[in-house]
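Q: Predicted model and sequence follow; I will ask about them next.
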Amino acid sequence: MGAIELRNVEKWFSEVQVIKGVDLTIADGEFIIFVGPSGCGKSTLLRMIGGLEDVSRGQIIIDGMDATDQPPSKRGLAMVFQSYALYPHMTVRENMGFSLKTAGAPKDELDAKVMDAARGLKLEPLLERRPKELSGGQRQRVAIGRSIVRDPTAFLFDEPLSNLDASLRVDMRYEIAKLHQRLKSTMIYVTHDQVEAMTLADRIVVLDAGFIAQVGTPRELYERPANLFVATFIGSPKMNILPCTDGTGDFVLGSGDHSLGIRPEHIEVTEAGQGTCDGTVDIIEYLGADTFVIADCGALGKLTVRLRGEDVALGQTVGLSFPDAALHFFDPSGKAMRAG
């Protein structure tokens, strides 16, 4: 069992509070991802769960037991960092089995667990190599394999793919997704990469300056953001935000203390003068499968539009239409009022 509960958890460094009363329940077998901007507290919160940082206030409950004051070795958790931290003088086999060996596990049990983990991670041909003979992706798989053989209550991943190049990150995302499907273990994962969060998580925890801004499935966060912070943080390119009057009825753009949000893919390009507003094509970003246009809408600012086959030219003035069902409204405090 790998259920984890955080009860009003706080973290202070001297007079500075970095985690501000976090409450969170993680179900056994759930894949949870912490995201947020640099300095939001996501790695600190993960380290608190792992026992690498003390809890200033609150409780951490693991499998129904209060683990707040337990050392890392007593929590039954396995951590995987962006730094592989492999022993350079040991083979892959020895690195993966080291923790069991030091714990006094019988050799046949150690060998069986190492081989089982190696098969699952496609490391069997590499077992007799040393870390210097491996690629970055292979080293990270060894680090994950070392955690698997411990049969932990839960896995804690702290930006494990950030040191890899783009193609290797794609491969390792697949490996981690398959690993979760196979092991069905609880996994808590910290990343700054939205693609990792959206593709891997059962639920995403969005952190903002030590607070939880919203918890939900990737679809819930994308389609129903609870506030302006989540609306502009989740999604790439981010949601367009424009000032408007009260969004509970008819609204007027460009004035008022409320905000209107619309995703780039929901804006429809039409003839100038026939949309919700007009914009002049300022930049065209061709990305192969997608083309994004940044349109200068004068006092309304610049809007990003995802094209769906429309042909536009630099300097062209076009109409931009906002379908009612795609609109999000936020009150002056930034809280969502309603979403399409």
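A: Looks like it arrived, so ask away. Numbers count the residues shown, from 1 in each chain.

Q: How much space separates residue 31 from residue 49?
A: 15 Å (Cβ to Cβ, to the nearest Å). Any C-beta I mention is one placed from the backbone N, CA and C, and that applies to glycine too.

Q: before we move on, what about residue 121?
A: Plainly put, residue 121 is 24 Å away from residue 49 if you go by Cβ to Cβ.

Q: Just want to know which of the two has more residues nearby.
A: Neighbour comparison, residue 121 and residue 49: the larger count goes to residue 49, with 24 against 20 (by other Cβ atoms under 10 Å).

Q: secondary structure element for that one?
A: Using DSSP states H and E, residue 49 sits in helix 42-50.

Q: what element comes up after that helix heading to the C-terminus?
A: For helix 42-50, the following helix or strand on the C-terminal side (DSSP H and E) is strand 57-62.

Q: Give the partner strands of that next one in its sheet and their orientations.
A: Strand 57-62 pairs in its sheet with strand 4-13 (antiparallel), strand 65-66 (antiparallel), by DSSP bridges.

Q: for that strand, which positions count as buried?
A: Neighbour-count burial for strand 57-62 flags 58, 60, 62 (criterion: 16 or more other Cβ atoms under 10 Å).

Q: any idea how far it is from the chain center?
A: Mean-position distance between strand 57-62 and its chain equals 23 Å (Cα atoms, centre = their mean, to the nearest Å).

Q: what's in contact with it?
A: 2-10, 21-22, 48-49, 66-68, 75-77, 153-154 (Cβ atoms under 8 Å, 6 or more residues apart in numbering).

Q: For that strand, C-alpha coordinates in CSV please.
A: What follows is strand 57-62, C-alpha atoms only, in CSV (Å, rounded to 0.1, in the frame of the first residue of the first chain):
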residue,chain,number,x,y,z
ARG,A,57,4.3,22.2,11.2
GLY,A,58,1.7,19.6,10.2
GLN,A,59,1.8,15.8,9.5
ILE,A,60,2.9,13.4,6.8
ILE,A,61,1.0,10.1,7.0
ILE,A,62,2.3,7.2,5.0
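
Q: tell me the angle of it relative to helix 42-50?
A: 60 degrees (axes from the mean of the first three to the mean of the last three Cα atoms, to 10 degrees).

Q: what is the mean pLDDT for strand 57-62?
A: Mean pLDDT, strand 57-62: 97.

Q: same deal with stretch 272-287?
A: Mean pLDDT, stretch 272-287: 94.

Q: that older thread, nearest to residue 253 among the buried residues of strand 57-62?
A: The closest of the buried residues of strand 57-62 to residue 253 turns out to be residue 58 (Cβ to Cβ; 43.6 Å).

Q: Report the beta-bridge partner residues of the nearest residue to that closest one once chain neighbours are set aside.
A: Once flanking residues are discounted, residue 58 sits nearest to residue 9: 3.7 Å by Cβ to Cβ, 6 or more residues apart in numbering. Counting by DSSP bridges, residue 9 forms beta bridges with residue 22.

Q: give me the low-pLDDT residue ranges for the stretch 1-150 of the chain?
A: For the stretch 1-150 of the chain, the stretches with pLDDT under 70 are 1.

Q: Tell me where it has helices.
A: Ranges of helices within the stretch 1-150 of the chain are 42-50, 92-102, 107-120, 136-148, based on DSSP state H, counting those that start in this stretch.

Q: can those helices go into TSV with extra columns for distance to residue 294?
A: TSV is the format used below for these (distance: least, Cβ to Cβ, whole Å):
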stretch	distance to residue 294
helix 42-50	30
helix 92-102	48
helix 107-120	45
helix 136-148	35
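
Q: Would you mind saying which of the ones you listed lies nearest residue 263?
A: The closest of the helices of the stretch 1-150 of the chain to residue 263 is helix 42-50. By Cβ to Cβ, the value is 24.4 Å.

Q: is it true that residue 163 touches residue 82?
A: Yes: Residue 163 lies in contact with residue 82 (Cβ atoms under 8 Å); the separation is 5.3 Å.

Q: Report how many residues lie close to residue 319.
A: Counted with other Cβ under 10 Å, residue 319 comes out at 16.

Q: Also residue 318?
A: What residue 318 shows, counting by other Cβ under 10 Å, is a neighbour count of 22.

Q: which residues does the closest residue to it other than its chain neighbours contact?
A: Using Cβ to Cβ, 6+ apart and skipping the chain neighbours, the partner closest in space to residue 318 is residue 269 (5.3 Å). By Cβ under 8 Å, 6+ apart, the residues touching residue 269 are 275, 293, 305, 307, 310, 312, 318-321.

Q: List buried residues within the residues you listed.
A: Those of these that meet the buried threshold are 275, 293, 305, 307, 312, 318-321, by 16+ other Cβ under 10 Å.

Q: Going along the chain, name the strands of the stretch 151-300 of the chain.
A: 154-158, 186-190, 203-208, 211-216, 240-244, 258-262, 268-270, 277-286, 291-296 (DSSP state E, counting those that start in this stretch).
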